[in-house]
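Asks: need a structure here:
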Amino acid sequence: MQVPGASGFLNCACALPRQLANLNSRDQLYFDRAHIFMPMLQQCRYFKRSKSVGQSESHTCLQYAMWTMAAALSSQFHHIRGALYSETLEKLRGLELARGSFEDEASGLEQTQAWILVAIYEFMQVNFQRAWTSAGRAIRQVQLMRLNEVDAFAALDTATDDDPDPFVEKEEKRRTFWVAFCLDRFGCALDGLPLTLSEQEIVTRLPTAEDAFQSGTPASGAFLLETMAENQSTMSSPFTECIIFSTMLGRGLAYQQQSIIEHIYGKMMANTCERQTWLDNTLSRQILRFQQSYLSASIRIDSMLLFTSMIAQATVLLLCKAAESTPQISAEKHSQCQTRALSAAKEIARLSKCLLNFSFFKVSI
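Replies: Numbers count the residues shown, from 1 in each chain. Prediction:
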């Protein structure tokens, strides 16, 4: 199968070393263009490892994956994205054949991060089947590394001015897990697949503020279930907001799938309507909190917040569709669902117009 973006691959491959001489000194392109959508890397830590003598093979794989994403989002390097993508796959597969298992925890994390980036690139540039296969590989590595249990037995993060690494290393693990978590929810929702990562088995704190992460200032986020249960209106970072509404999307998808199974077996649970009401109320509360925390103008100019708003409305549509397929739904409830679904569809259309404010390369991700 021909890889999109790889036309003229041989010519690109021959020119790749010369292009990489430029890209290699401009890793910042990735942080400028792609990091906002997958904020799992700390710049200082990444650049420090990149400049170290005897750079690991896993770090090289991560670099190539980052360069692939950067090229896909850059007019200057767009023409070599296919060659970079192929090289990334070759290096990742070669590393797996040579090692068989993770060399150490740091290498395992970098391999996992690389596969996440490969999967996202494939969602953008290749096709769903290949992207979901790569996403599955990344998610299994997340499970093998038990990144869902980063804070299971650990004390609160500590660090010193001279050595912020303990906090940064743990926070990168958290963020890698949450990017994989969101990827799992989005991929499953796109094709109606069962969820891979269980919400009930997460003992990893939500990511801390981006400024604290990048500066290496120790801080700790709350746990997901604690945040979801809160009733007060509190502002979270755009990444955390994305996680919260990805969670709601996953809950809605799981409810829809369970309802279908119950209908097939002819054994609808007695609490089906209660589950639907609880999900509706939880989602409505989260949307209201989000709208109170961020002004409409802020959402229009922040790509992550705009994307999160679309996820919220897509979840409304998902829950309405699930409710309408329930046999015991009342006429009043059915009418309410239709009204809410129409309102959500109009809101998605309105938010889509805001995409005109962004460049092509920001919209494409």
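
Asks: quick one: buried residues of stretch 29-40?
Replies: Using 16 or more other CB atoms under 10 Å as the test for burial, stretch 29-40 gives 29-31, 33-40. Where you see a C-beta, it was placed from the backbone N, CA and C, and this is true even at glycine.

Asks: same check, this time on stretch 254-261
Replies: 254-257, 259.

Asks: Run the chain-centre distance for it.
Replies: 23 Å (CA atoms, centre = their mean, to the nearest Å).

Asks: what is the rounded mean pLDDT of that stretch?
Replies: Taken as a whole, stretch 254-261 carries a mean pLDDT of 86.

Asks: got the contact list for that stretch?
Replies: Stretch 254-261 is contacted by residues 192, 194-195, 268, 272, 275-276, 279, 318-319, 321-322, 325-326 when judged by CB atoms under 8 Å, 6 or more residues apart in numbering.

Asks: one more time with 10 Å, if that's ok
Replies: For stretch 254-261, the external contacting residues (CB atoms under 10 Å, 6 or more residues apart in numbering) are 188-189, 192-195, 198-199, 267-269, 272, 275-276, 278-279, 318-319, 321-323, 325-327.

Asks: among the buried residues of stretch 254-261, which are in helices?
Replies: 254-257, 259 (DSSP state H).

Asks: Show me which of the residues you listed is closest to residue 345.
Replies: residue 256 (17.3 Å; CB to CB).

Asks: Spell out, range by range, the strands that occur in the chain.
Replies: For the chain, no strands are identified by DSSP state E.

Asks: what ranges of the stretch 1-150 of the chain fall below the confidence cut-off?
Replies: 1-25, 100-101 (pLDDT under 70).

Asks: For the stretch 251-365 of the chain, give me the ranges with low pLDDT.
Replies: In the stretch 251-365 of the chain, residues with pLDDT under 70: 268-270, 327-329, 356-365.

Asks: give me that answer again for 90
Replies: Residues of the stretch 251-365 of the chain meeting the criterion pLDDT under 90: 256-277, 291-304, 320-339, 351-365.

Asks: which residues does residue 165 contact?
Replies: Counting by CB under 10 Å, 6+ apart, residue 165 has contacts 42, 44-45, 48, 159, 216.

Asks: can I get those in JSON lines with distance to residue 249 and neighbour count?
Replies: Formatted as JSON lines, these follow (distance: CB to CB, whole Å; neighbours: other CB atoms under 10 Å):
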{"residue": "42", "distance to residue 249": "27", "neighbour count": "22"}
{"residue": "44", "distance to residue 249": "33", "neighbour count": "13"}
{"residue": "45", "distance to residue 249": "31", "neighbour count": "17"}
{"residue": "48", "distance to residue 249": "36", "neighbour count": "11"}
{"residue": "159", "distance to residue 249": "34", "neighbour count": "16"}
{"residue": "216", "distance to residue 249": "32", "neighbour count": "19"}
